[in-house]
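Q: attaching a predicted model along with its sequence, questions to come.
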Amino acid sequence: MQYNRAPIVRILLLSMPDSFEHTPTIAVRMPNGALASLAANVDPHHHVAVADLVLAQSSVRRTVEHLVRDIQPDVVGLSVMTFQRRTARRVISLVRSLKPGVRVVVGGYDPSLAPDEWTHPGIGVDVIVRGEGDLTFRELVRALERGTPLSAVPGVWYRDGVTVQRTPPRPVASLDEADIRPPQRAARVLSGYTMMGRPVDVVETSRGCTFDCSFCSIIEMRGRNFHRFPLARVLDDIADARGRGARVIFFVDDNITIDVPRFEALCRAIIDRGLDDVDYIVQGMTAPIAEHGTTLAPLMKKAGFRYVFLGIENILEDDLAFLQARAKNSLREKGRRIGNATTAAVEALHRNGMLVVGGLIVGNPDDTPDAVAANLAFARKYVDWPYIQHPTPYPGTPMTRDFVERGLISNSRVDEYDGTTAVTRSAHLSAEDIEFMRWRAERWMKVRHMAAAFGHDPAFVLRNAFRMLAHTFRGTTWRSAVGLEDARAVFQRYRAIRKREREYLDWPDPLPADLSRTA
Ligand code: B12
Ligand code: SF4
């Protein structure tokens, strides 16, 4: 008989409950892809539990208490986006109250790009993992288990007594080698992932992007590069997700459309392996879809793609230039730009029976009311599900620097940096006016999508139509419905409701108020 002499490290990995206006948890609750990847990549003798707190949004405190009591973790890891920073601090404080000696590790976009926000001793973080975490976390857990110095682990900031030490950044992983093992979905301890009533999972086929849109966090996070997982591994991963019940799979690649021949090969392989009975969702650029629409779009449809998130960003040339998103949205002829690729991309997808989730950004520095209205009118005409956001100054992006330099940031409460709360103004419009215009127009576009949703998932829509409408029209009363109250009053009520919704757990923020607001 063999004995494993290494002590088992018990690890609890958490993603935050904070959700996004365009993916309401009634209809969309997706797993965090990072956590299952981290779980797979620690040494196999460790015990890992993954809990996506979006599945327990109405009982966060109780769920965390149960998890900590049942698992008795030695290490708790949290995956955090910027708008989840405040919730994460409160979760850490709660965890520490239950198990004071636990090691707390944070990773993901916010700790990677704003590490200074995580070093205050009152927050209680021991280690900040910056950038890709799979290999770093493996080495970190090994070092904690063996008691070896963390200074030998690239890619971390760690607390050493009263000081914070930094190790050199870890280069991005080349995914064609077998270094990064496929996700361990069995580690998930909560259930209820859904996309309109169908079980949903996420799969990665590549990482990175070679573009440099000014609003996007990817480039600061990992530089401009693109790495591909071998297709055989991707197919096994899809089969694993499907075998565990997934009927909808979201490819969470940063930009799968960088390599169209490979994307087409993936579609063919999905069809050949008989994995085309799943609904796929993907995000991509308009230019390659417009250019390769005649071959790519029919293949995508055949493979099972249903929703395509298009990074349209804006339909006005000046705004596209500001967002550094002109190149990826260019329709070209003989290498020359002849216009915006958006309508051609939308038409290629629609012709082949796919639905467009339209990613647009309104409220850019020089936006006038007409500029915002033009984008909203475009969305009304062309997109099936609006995913319209406001420019949000996430840490480290070039866009954040532009907004700071022009003095246009009007809100520094980062828990409101959720994309649909306008936190910047333009030279011509207040943040509130920008948000109001988007909010008022978007609700009706969402209502219109219910017909398509009903066609695909009638039972789910019948059961949940009222709740979905109630969510979309939060703030509406019978008086406003019959025109006795103006839309601004409804908007103010909606904002007050949204503010209350952000209180995901009744536990205090460990940071003093004056330190907890910085962007
Ligand atoms: C898929 C995705 C989504 C999905 C699903 C999210 C989910 N279930 O978690 C959907 C569509 C719902 C979504 C929505 C939003 N998203 Co999003 N999303 C992404 C996307 C495309 C891929 C993320 C992913 O799964 N990658 C694969 C995994 C394996 O990589 P990873 O997350 O980077 O994790 C690695 C490291 O970060 C690290 N790591 C991560 N967590 C942890 C934790 C620990 C303990 C450790 C050690 C390491 C570690 O290790 C991981 C493995 O290497 C990214 C990036 C992009 N290209 O746009 C944006 C991105 C993460 N989203 C972002 C944002 C802002 C949002 C929204 C607020 C609005 C929006 N722009 O759509 C909403 C809010 C989400 C919510 N919780 O409600 C921003 C975050 C910016 C920031 N600074 O916080 C990103 C970077 C996009 C951008 N605009 O730049 N999103
Ligand atoms: S193309 Fe997409 S992933 Fe690439 S930099 Fe632009 S927004 Fe980010």
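A: Yep, it's here. Ligands and ions are numbered 1, 2, ... in the order given.
Q: quickly note the distance from residue 370 to ligand 2.
A: 25 Å (C-beta to the nearest ligand atom, to the nearest Å). All C-beta spots, glycine's among them, are computed from the backbone N, C-alpha and C.
Q: helix or strand next in line after the strand or helix carrying that residue, which one?
A: Here residue 370 sits within helix 369-382, counting by DSSP states H and E. Of the helices and strands lying after helix 369-382 in sequence (DSSP H and E), the nearest is strand 385-389.
Q: what about that following strand and ligand 2, touching?
A: No. Judged by C-beta under 6 Å from any ligand atom, strand 385-389 and ligand 2 are separated, with a smallest distance of 11.5 Å.
Q: what's downstream of that strand, the next helix or strand?
A: helix 398-405.
Q: and the angle from the helix holding residue 370 to strand 385-389?
A: 160 degrees (axes from the mean of the first three to the mean of the last three C-alpha atoms, to 10 degrees).
Q: so which bits of the stretch 301-450 of the chain are right by ligand 1?
A: Within the stretch 301-450 of the chain, the positions near ligand 1 by C-beta under 6 Å from any ligand atom are 394, 418-419.
Q: contact partners of the helix holding residue 370?
A: The contact list for helix 369-382 (C-beta atoms under 8 Å, 6 or more residues apart in numbering) reads 314-316, 319, 342-343, 346, 356, 358, 360, 362-364, 386, 388, 428-429, 433-434, 437-438, 441-442, 444-445.
Q: only whichever of the residues you listed are buried, select them in PyMOL.
A: Only the buried entries of the contacts of helix 369-382 go into this PyMOL selection, using 16 or more other C-beta atoms under 10 Å:
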select buried, resi 314+315+316+319+342+343+346+356+358+360+362+363+364+386+388+429+433+434+437+438+441+442+445
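Q: take the contacts of helix 369-382 and keep only those in strands.
A: Members of the contacts of helix 369-382 lying in strands (criterion: DSSP state E): 356, 358, 360, 386, 388.
Q: closest one to residue 479 out of those residues, please.
A: Nearest to residue 479, judged by C-beta to C-beta, of the ones in strands among the contacts of helix 369-382 is residue 386 at 26.5 Å.
Q: surely the closest one is in contact with residue 444?
A: No. If you go by C-beta atoms under 8 Å, residue 386 and residue 444 don't touch, sitting 9.5 Å apart.
Q: residues contacting residue 187?
A: By C-beta under 8 Å, 6+ apart, the contact list for residue 187 reads 13, 35-36, 39-40, 48-50.
Q: same list (the residues you listed) but as CSV, adding pLDDT, neighbour count and distance to residue 173.
A: Listed next are these as CSV, based on pLDDT from 0 to 100; neighbours: other C-beta atoms under 10 Å; distance: C-beta to C-beta, whole Å:
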residue, pLDDT, neighbour count, distance to residue 173
13, 98, 28, 19
35, 98, 27, 17
36, 98, 24, 16
39, 98, 25, 17
40, 98, 19, 13
48, 98, 27, 19
49, 98, 19, 24
50, 98, 27, 20
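Q: those in strands, which ones?
A: 13, 48-50.
Q: near ligand 2, from the residues you listed?
A: Counting by C-beta under 6 Å from any ligand atom, no member of the ones in strands among the contacts of residue 187 is near ligand 2.
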